[in-house]
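> Have a look at this prediction, sequence included:
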Amino acid sequence: MSQVFTYTVKSISFDENYLPSDNTRITTNFANLARGESRQENLRNTLRMINNRFNNLAQWDNPKGDRYSVEVDIVSFDMDIEGNGTNFPIIEVLKTTIVDHKNNQRIDGIVGNSFSSYVRDYDFSVLLLDHNKNQEKFSLPENFGDLHGKLFKSVVNSEVYKAHFAKQPVICLSVSSSRTYYRTENEHPVLGVEYRQDEFSLTDQYFEKMGLRVRYFMPKNSAAPLAFYFSGDLLSDYTDLELIATISTMETFQKIYRPEIYNANSAAAQCYQPRLNHQDHSLTQIVYDREERSQLAVKQGKFTEEQFIKPYKDTLDQWAAHYAL
């Protein structure tokens, strides 16, 4: 019983005309930008930041800093649980494409980058909170993240994924404000200086159940390290341009959503603990409501519980018990 679910994949361009679909989580970085009166200006400024950062990192044979631009597509995977055409949006990621204007060439970038999941909303904003209500000491529910991890592996190993994407995904997220990171002597020409930590965060453990390991790198001219989650060899499986597209895209989002960390006015020191109350930082021209975003995560987690976890519990439990790669 290795595969009972059917997946479909959809793609939409993230450009200045982007409008979120009904199935897109509103808390997702890109969807959150495309709301309100300033939506088009937000999107235009975000894309400009991505392109500027890409050219800043891809300086070779690029004297004017305008050789490349990055196109971003939002890729959604829907799951048909019962084979009756009723789909649940299971995962949403970003796919980059690099446009080389000098050679008039389009180059595939990495799929992944951002990571959006309704089931993760349920795990963190409903299940985990309910489990720790009135508890003196924080703990994890039994088998926390197991179902989500198997669902992710099932998508990535599906024929649908392999038909559309040649390489495994790389997810790029913010470092955790609950951990301390230590600079190492290891430096990559694109990813930058590597950092390490003594103890994995809850997010790191959660992504490990998805089959993803983590390494932390601070690219040149960055203010803080980024967390890269991957399944193969991050340093040899991807080209420099592929990595630069991921850095420029995700660092731009982090500057908007985590300015205290990624738009700080001084770079991370040798021993670094990210702080969301760090005052010495600059704001981008793109503003969002962080409090609203956390409230929506709870709302969308409860939606997942009602529409996915509860009605299909027996099917999901049986599938997860037998699932193996």
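That came through, no problem. Residues are numbered from 1 along each chain as shown.

> what are the pairing partners of the helix or strand encompassing Lys95, and which direction each?
Here Lys95, judged by DSSP states H and E, is contained in strand 87-100. The strands that strand 87-100 pairs with in its sheet are strand 68-80 (antiparallel), strand 105-116 (antiparallel) (by DSSP bridges).

> Okay, buried residues for the longest one please.
Of the residues in strand 68-80, 68-79 count as buried by neighbour count, 16 or more other CB atoms under 10 Å. In this view, the C-beta of every residue, glycine as well, is placed from N, C-alpha and C.

> who are the neighbours in contact with Asn132?
Contacts of Asn132 were listed using CB atoms under 8 Å, 6 or more residues apart in numbering, and they are 138-139.

> Give me the local confidence score for it.
Here, the pLDDT recorded for Asn132 equals 91.

> mind listing the helices for the stretch 201-325 of the chain?
202-208, 240-257, 259-262, 290-304, 313-322 (DSSP state H, counting those that start in this stretch).

> any idea which of those scores lowest on pLDDT?
If you rank those by mean pLDDT, helix 290-304 sits at the bottom with a mean of 77.

> rewinding a little: could you tell me the average pLDDT over the strand holding Lys95, please?
Strand 87-100 comes out with an average pLDDT of 94.

> what angle separates that strand from helix 240-257?
Angle, strand 87-100 to helix 240-257, by axes from the mean of the first three to the mean of the last three CA atoms, to 10 degrees: 120 degrees.

> just checking, Tyr312 touches Ile81?
Yes: at 5.4 Å, Tyr312 and Ile81 qualify as touching, with contact defined as CB atoms under 8 Å.

> out of these two, which sits in the busier spot?
Set Tyr312 next to Ile81 and count neighbours by other CB atoms under 10 Å: Ile81 wins out with 18 against 15.

> need the contact list for the more buried one.
Ile81 makes contact with 5, 88, 312, 315-316 under the criterion CB under 8 Å, 6+ apart.

> let's see 6 Å
Residues near Ile81 by CB atoms under 6 Å, 6 or more residues apart in numbering: 5, 312.

> what's the spacing between it and Lys162?
According to CB to CB, to the nearest Å, Ile81 and Lys162 sit 21 Å apart.

> now swap in Arg213 and tell me
21 Å.

> who has more neighbours, the two?
With neighbours defined as other CB under 10 Å, Arg213 and Lys162 compare such that Arg213 has more, 14 against 10.

> any chance of the strands paired with strand 87-100 in TSV, with mean pLDDT and distance to Arg258 too?
Below are the strands paired with strand 87-100 laid out as TSV (pLDDT from 0 to 100; distance: least, CB to CB, whole Å):
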stretch	mean pLDDT	distance to Arg258
strand 68-80	94	19
strand 105-116	95	13
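
> Same list (those strands) but as JSON lines, adding distance to Val190.
As requested, these are exported to JSON lines (distance: least, CB to CB, whole Å):
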{"stretch": "strand 68-80", "distance to Val190": "14"}
{"stretch": "strand 105-116", "distance to Val190": "12"}
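
> Go through those and name the closest to Lys153.
Of all the strands paired with strand 87-100, strand 68-80 sits nearest to Lys153, with 12.4 Å by CB to CB.

> who's in contact with the closest residue in space to Leu94 that isn't next to it in sequence?
In space, and not counting its chain neighbours, Leu94 is closest to Asn113: 4.0 Å by CB to CB, 6 or more residues apart in numbering. Neighbouring residues of Asn113 by CB under 6 Å, 6+ apart: 94, 172, 246, 249-250.

> Over to Glu305?
For Glu305, the contacting residues are 122, 126, by CB under 6 Å, 6+ apart.

> try Pro169
Pro169 touches 111-112, counting by CB under 6 Å, 6+ apart.

> number of nearby residues for Phe138?
Phe138: 9 neighbours (other CB under 10 Å).

> meant to ask about Ala269, not that
10.

> ok, it to Arg215 distance?
Distance from Ala269 to Arg215, by CB to CB: 19 Å.

> do Gln59 as well
Here the criterion is CB to CB. By it, Gln59 lies 24 Å from Arg215.

> Settle it for me: which of the two has more neighbours?
Arg215 (18 against 11).

> how much space between the residue most central in space within the chain and Ser174?
Geometric centre of the chain, nearest residue: Ser114, 2.3 Å, by CA atoms, centre = their mean. Relative to Ser174, Ser114 is positioned 11 Å away (CB to CB).

> Check Asp240 too.
For Asp240, the distance to Ser174 equals 23 Å [CB to CB].

> So which of those two has more stuff around it?
Applying other CB under 10 Å to Asp240 and Ser174 shows that Ser174 carries more neighbours, namely 20 against 14.
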